[in-house]
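> 3D, please:
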Amino acid sequence: MRRVCDLSSVITIINYPFLERKEAAERQQAKVASKKAESLAARKRAAETAEAQQRRVQTIRSEAFSAARKGDAVKVRKAVWEENVDAAGGEIKPGCETYVNRLPEDPKETLLHIATQQSDVDLVEWLDAHSQSRCFNYRCHELINPF
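Numbers count the residues shown, from 1 in each chain. Take a look at the predicted model:
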């Protein structure tokens with residue numbers, strides 16, 4: 001008995017390993033493309049999150065300075081105590097310049113300066129006590145020279 005096979009089945013048998021390698025390469029390329037897309041999306045989400053956080057921090061900071069200018073010591077204390085607004089820094093936080101609606105006249109003016117101009121002695125003492133720029137070693141109870 002003689003077996004008859006057609007040419008197309010012989011070519012398929014011969015090309016089968018080649019086709020398998022080609023499909024594997026295509027799957028690998030699709031996997032790499034998928035990972036790139038996921039990575040790009042994750043970086044975009046991280047950038048958006050960082051931008052939103054900077055915008056929020058600057059908004060809180062500007063509101064604290066606005067409250068200080070209006071003489072609202074309760075809002076200023078809340079911002080410094082609960083929202084970690086630095087009493088010794090200027091209104092515009094470095095890197096957040098784009099999120100400020102109205103630029104201040106003096107960008108280096110601090111909450112302490114404003115409280116002093118308002119003659120609010122209680123707020124001045126409180127801000128001085130709660131300023132983040134003070135270098136105090138609580139273990140040794142002595143001021144540390146940062147230089």
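> which strands or helices does whichever helix in the chain runs longest pack on?
Among all segments of the chain classified by DSSP state H, the helix with the greatest residue count is helix 7-70. On a contact count with 3 or more Cβ pairs under 8 Å, 6 or more residues apart in numbering; DSSP states H and E, helix 7-70 meets helix 73-82, helix 111-117. (Each C-beta comes from the backbone N, C-alpha and C, glycine too.)
> between the longest one and helix 7-70, how many degrees?
Between the axes of helix 73-82 and helix 7-70, defined by axes from the mean of the first three to the mean of the last three Cα atoms, to 10 degrees, the angle is 140 degrees.
> tell me the pLDDT of the residue nearest to the spatial centre of the chain.
Closest residue to the average C-alpha location of the chain: Ala50 at 2.6 Å, with Cα atoms, centre = their mean. The confidence metric pLDDT takes the value 91 at Ala50.
> for the nearest residue to Leu112 once chain neighbours are set aside, give me its contacts.
Closest residue in space to Leu112, ignoring its immediate chain neighbours: Leu127 at 4.9 Å, by Cβ to Cβ, 6 or more residues apart in numbering. Applying Cβ atoms under 8 Å, 6 or more residues apart in numbering to Leu127 gives the contacts Val76, Val80, Ala87, Leu111, Leu112, Ala115.
> pLDDT added to those residues, as CSV?
As requested, the contacts of Leu127 are exported to CSV (pLDDT from 0 to 100):
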residue, pLDDT
Val76, 93
Val80, 90
Ala87, 83
Leu111, 92
Leu112, 90
Ala115, 92
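> return the member of the residues you listed nearest to Glu105.
The shortest gap between Glu105 and any of the contacts of Leu127 belongs to Leu111, at 15.1 Å (Cβ to Cβ).
> ok, the closest residue in space to that closest one that isn't next to it in sequence - contacts?
Closest residue to Leu111 apart from its sequence neighbours, by Cβ to Cβ, 6+ apart: Ala87 at 4.6 Å. In this structure, Ala87 makes contact with Val80, Thr110, Leu111, Leu112, Leu127, His130, Ser131, Gln132, judged by Cβ under 8 Å, 6+ apart.
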